[in-house]
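A.B. asks: 3D model of this:
(one chain, ligands or ions: 1)
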Amino acid sequence: MIKLQKSTFLHENETKEKLCEFIKQSRFLSMGNECKKFENNFSQKQGRGYSVFVNSGSGANLLLIQALLNGGQLKKGDVVAVSALTWSTNIMPIIQLGLQPFLVDCEINSLNVSIRTLEEAFQIEPNIKALFLTNTLGLADDIAGIADFCSKNKIILLEDNCEALGSIINGKLLGNFGLASTFSFFVGHHLSTIEGGMICTDNEKLYESIVMSRSHGWDRHLSPDSQKKIRKQYGIDDFFAKYTFYDLAYNLRPTEINGFIGNNQINYWDFIVDKRFNNFIRLHKAIENNKDLVALKFGHMDVVSSFAIPVILKDQLLAADYKKKFTDAEVEIRPMIAGNMARQPFYRKYVSNPGSQPNAEFIHSHSFYFGNNPELTNEELDVLEKLLRF
Ligand SMILES: Cc1ncc(COP(=O)(O)O)c(C=O)c1O
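C.D. replies: This is a model prediction of the structure:
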C-alpha cells in the first residue's frame, strides 16, 4: 500500500531515540528554550522578522485572525476573501470571530486563486478587507500580481502556507508575500513536529499581538521594553503584572517536545523540498503525456515544494475509472483537499449566500490526489508513474 503519509517525521527511529534522551534529561517540557530556538531557526530559514510557534496550523489561523482583530486591522463584520479550495480551519476562524468569508474560485490548472478569479470576486464583493489566500498543494498562481492587486485595493494579504513550505516564485519563498503567513507541522506536512504550526510576519506590532493572544492575553513573552510600555499604559504594578490580561486570547502554546522535533527536522528542510520537487517533476511528466489528464501550470515557479500529487481528469466518468485504478493498485487517494468549501455543511450552515465557484466545482467532481513525500522509493515512484500513463 502506498499511503498518503509514510511516517511521523523524517528519520523516524533516530529522531525518536534523540527525543527519548531529550525528555529524560529535561526538567520542564512546557513551552521554553526549544520552542524559542525553533522560532529563531524558522525565521532564519523563511527569511522573516518574527515567527510564533503554536499548537497547530489551525491554531495559527485562529490566532492570526484574533490578533488582527485585537490590533484593529480587522473589525467584526469585515469581509475576508478565502480560497474556495482550502481546508476548513482556514475559513472557520473567520466565521467564529464574527467576520464574513467570501469564497474566491481557483484556476483548474493551478488549483489556486489567480488575479482573474480575485478580480471577479472583487467585482461582486468590493468590500473585501483581507484575502486569506491558501497556497494550495505547494503551488501558486501569479501571487506577486495578487499581492500588487491587494496593495492597490487596500486589501490585507495573508497566506495560509500550510501546504507550501519551501515553494519559491521569482526567488521569493511562498509565505513571504503578505502581511503574515501560517504553517502547519502536522504529520504528512513538509516538516512535522507531530502537531504544530507557525505564524510569520515582519510587523512588530502584529507579532506582539500574536504573542499575547497565544498565551492568555498576558505580556510575559514580550520584550522587557514592550512589557514596561504596556504596563505603564494600563497603570499595572509589579504585583499584578504577571496576571494582567490585555486582550482576547487563547492558550495555543506548543510544548518543548514539539520544539525539539522542529529543531531536529528543520535540518532536513532542503532535502525534503528537493525530494518533493523531484518527485513532482518526474510524476508530472507522466501527467503531461496523458491526454485524459489536465496538466498543471507551474512554469512560473522556481521550486514547487509539492504537498501531494493532484490528478485532474478532463471527464467526470474517467475520474471514477482512475480512482478505481489507483485504489486497486493499493495507492491511497483522497479528495482534492476537501473539495469545494461551498459544499461543506458548516459553510452552508453559517454563510447564507455561498456564491458561485465553477472551477472549484469542477475540481470537486473531476479530481483526487495521492501522497508525495521524501521517503517514496524508486519502486513506488515507478508504480505511480505507470498509473499516470495513458
Ligand atoms: C491549507 C491548510 N490550512 C490549515 C490546515 C490545518 O493545519 P493543522 O492540521 O496543523 O491544524 C491544513 C491542514 O492540512 C491545511 O491544509
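A.B. asks: Tell me the residues on the stretch 1-150 of the chain that lie near the ligand, please.
C.D. replies: When proximity is defined as C-beta under 6 Å from any ligand atom, the stretch 1-150 of the chain approaches the ligand at 56-58, 61, 86-87, 89-90, 134. From N, CA and C alone the C-beta is placed, and that goes for glycine too.
A.B. asks: at 8 Å what do you get?
C.D. replies: Residues of the stretch 1-150 of the chain lying near the ligand by C-beta under 8 Å from any ligand atom: 56-61, 86-87, 89-90, 134-136.
A.B. asks: Could you pull up the residues touching the residue in the stretch 1-150 of the chain that the ligand sits nearest to?
C.D. replies: Residue nearest to the ligand within the stretch 1-150 of the chain: Gly57 (2.5 Å; C-beta to the nearest ligand atom). By C-beta atoms under 8 Å, 6 or more residues apart in numbering, the contact list for Gly57 reads 87, 89, 160, 162, 182-186, 189, 197.
A.B. asks: Then Ser43 would be within a helix, right?
C.D. replies: Yes: Ser43 sits within a helix when classified using DSSP: H, G, I helix; E, B strand; the rest coil.
A.B. asks: Wondering if the longest helix along the chain reaches the ligand at all.
C.D. replies: For the chain, the helix with the greatest residue count under DSSP state H is helix 269-288. No: residues of helix 269-288 contacting the ligand under C-beta under 8 Å from any ligand atom: none, with a closest distance of 15.0 Å.
A.B. asks: Can you name the element that comes right after that helix?
C.D. replies: strand 301-303 (DSSP states H and E).
A.B. asks: Give the other helices and strands that that following strand contacts.
C.D. replies: Other helices and strands packing on strand 301-303, by 3 or more C-beta pairs under 8 Å, 6 or more residues apart in numbering; DSSP states H and E, are strand 168-169.
A.B. asks: Need the contact partners of the strand it packs on.
C.D. replies: 140, 143-144, 174, 300-303, 305.
A.B. asks: could you redo the last one with a cut-off of 7 Å?
C.D. replies: With contact meaning C-beta atoms under 7 Å, 6 or more residues apart in numbering, strand 168-169 is reached by 140, 143-144, 300-303.
A.B. asks: Now the buried members of the residues you listed.
C.D. replies: Buried by 16 or more other C-beta atoms under 10 Å: 140, 143, 301, 303, out of the contacts of strand 168-169.
A.B. asks: How much space separates the residue nearest to the second one when sequence neighbours are not counted from His221?
C.D. replies: Which is Ile143. Nearest non-adjacent residue to Ile143, counting by C-beta to C-beta, 6 or more residues apart in numbering: Phe177, 5.2 Å away. Using C-beta to C-beta, to the nearest Å, Phe177 is found at 27 Å from His221.
A.B. asks: How about Leu206?
C.D. replies: 14 Å.
A.B. asks: Who has more neighbours out of these two?
C.D. replies: Using other C-beta atoms under 10 Å as the criterion, Leu206 and His221 rank with Leu206 on top: 21 against 17.
A.B. asks: got a list of what the more buried one touches?
C.D. replies: Neighbours of Leu206 in contact, by C-beta under 7 Å, 6+ apart: 67, 71, 179-180.
A.B. asks: Check Ile236 too.
C.D. replies: Contact analysis of Ile236 by C-beta under 7 Å, 6+ apart lists Thr244.
A.B. asks: again, but for Val113
C.D. replies: Contacts for Val113 (C-beta under 7 Å, 6+ apart) come out as 83, 104, 106, 133, 141, 146.
A.B. asks: from the residues you listed, which two are the most distant?
C.D. replies: In terms of C-beta to C-beta, those reach their longest pairwise distance at Cys106 and Ile146, which sit 12.3 Å apart.
A.B. asks: For Thr15, see how far away Leu63 is.
C.D. replies: Leu63 sits 27 Å away from Thr15, going by C-beta to C-beta.
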